[in-house]
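S.K.: Predicted structure and sequence below. I'll ask about it afterward.
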Amino acid sequence: MATLEERVVYLEGRGQEQAVQIAEVRADIRDVRADIRDVRTELRDFRVEVNRRFEDVDGRFDRLETRFDTRFMWMIGFQFATLMAVIAALLNVYFR
């Protein structure tokens, strides 16, 4: 059986080993926190970039919609003018 002093020395050694391991764990946790902070920053930048791109695409769709609306109105106008010309020609033939 070990003496009291041997037991105390053994426990102190174990305590020091655990203290070293705890210090290593704390250092690892600091590294992980720094990595998480970097990832958060990258995600924030990515989100800003994605939002900017969606705004650009939204602007393009708005311009395209305006262009289609304008061309649709012109097409309807030409069809109406053609219809009026056909009706006028038919009325001209009818009343002669």
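M.R.: Yep, it's here.
S.K.: Let's see the pLDDT reported for Met1.
M.R.: Per-residue confidence (pLDDT) for Met1: 63.
S.K.: One more: Phe95?
M.R.: At Phe95, pLDDT is 88.
S.K.: and what of Val9?
M.R.: Val9 is given a pLDDT of 82.
S.K.: Which of the helices or strands spans it?
M.R.: Element membership of Val9 [criterion: DSSP states H and E] is helix 4-94.
S.K.: ok, so what distance separates Ile29 from Asp35?
M.R.: 11 Å (C-beta to C-beta, to the nearest Å). No exception for glycine: its C-beta is placed from N, CA and C like everyone else's.
S.K.: Give me the neighbour count for Met75.
M.R.: Met75 has 10 neighbouring residues, counting by other C-beta atoms under 10 Å.
S.K.: er, Arg63 I mean
M.R.: For Arg63, the neighbour count with other C-beta under 10 Å is 10.
S.K.: what do you get for Val93?
M.R.: Quick note: Val93 (other C-beta under 10 Å) scores 8 neighbours.
S.K.: distance of Thr82 from Arg71?
M.R.: In terms of C-beta to C-beta, Thr82 sits 16 Å off from Arg71.
S.K.: repeat for Glu65
M.R.: According to C-beta to C-beta, Glu65 and Arg71 sit 11 Å apart.
S.K.: Please identify every residue contacting each of those two.
M.R.: Shared contacts of Glu65 and Arg71 (C-beta atoms under 8 Å, 6 or more residues apart in numbering): none.
S.K.: what's the spacing between stretch 63-79 and its chain's center?
M.R.: 33 Å (C-alpha atoms, centre = their mean, to the nearest Å).
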